[in-house]
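In: Pasted the sequence and its predicted model underneath.
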Amino acid sequence: MEWINSVKPDVDAFIIGNLSDDGELSINSSQDARKEVRVALNALRKDDGILVIPTVLGCPPKLNARELSSSNYNVQTSCLTSLSSMSGCCQVALPLGTHDKCPISVSFIARHGGDQFLLDTIQTIKVATYYSNRAAAFLELASYRQAKADCTSAIDIDQKGSTG
């Protein structure tokens, strides 16, 4: 708290309100919580597994909506968005499209230090999805040879990704 009081950084009042008067106690508690979250996520993921979760709970509120300033909304939102920062793990959010005019995305979380592994995996997913979507389009056009070739490409990419 001493640093916050002397530097006066631009920190949300919600966060400041959750700090104790004894900054040292807060730091130690935060470090303990970080270790616990990292252990829990490592247990969920197993080795080089990737945890896939929604990026946020529900539809995002409109710009300047009342929900944005509610502590309940902030707590619910931080439940998912703080996992990687709390654990030191890396996270990538991929947009999937929209539902009821609201953007939807999923987050992929990999182990601490697994940034390159996660980015390589996401790239593989994107390329395999490209071939899968293209194959579906060729099926619609009754271009079966090209659809088969694209399906084969998607399967080959998937097999390479799952074996190494």
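Out: Here it is on my side, so go on. Keep in mind that this is a model prediction, so the values were computed, not measured.

In: And the helices in this protein, which stretches?
Out: 2-7, 13-17, 23-45, 71-81, 83-87, 115-140, 144-163 (DSSP state H).

In: Present these as CSV; the columns should include distance to residue 62.
Out: From N, CA and C alone the C-beta is placed, and that goes for glycine too. Formatted as CSV, the helices of the chain follow (distance: least, C-beta to C-beta, whole Å):
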stretch, distance to residue 62
helix 2-7, 31
helix 13-17, 20
helix 23-45, 31
helix 71-81, 12
helix 83-87, 25
helix 115-140, 29
helix 144-163, 38
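
In: So which of the ones you listed is the most surrounded?
Out: helix 83-87 (a mean of 18; mean count of other C-beta atoms under 10 Å).

In: Which neighbouring elements make contact with that helix?
Out: Where contact means 3 or more C-beta pairs under 8 Å, 6 or more residues apart in numbering; DSSP states H and E, helix 83-87 is packed against helix 23-45, strand 90-99, strand 102-110.

In: Which one of the ones you listed lies nearest to residue 140?
Out: Ranking the helices and strands packed on helix 83-87 by proximity to residue 140 (C-beta to C-beta) places strand 90-99 first, at 18.5 Å.

In: so the closest one versus helix 115-140, what angle?
Out: Strand 90-99 and helix 115-140 are oriented at 30 degrees to each other (axes from the mean of the first three to the mean of the last three C-alpha atoms, to 10 degrees).
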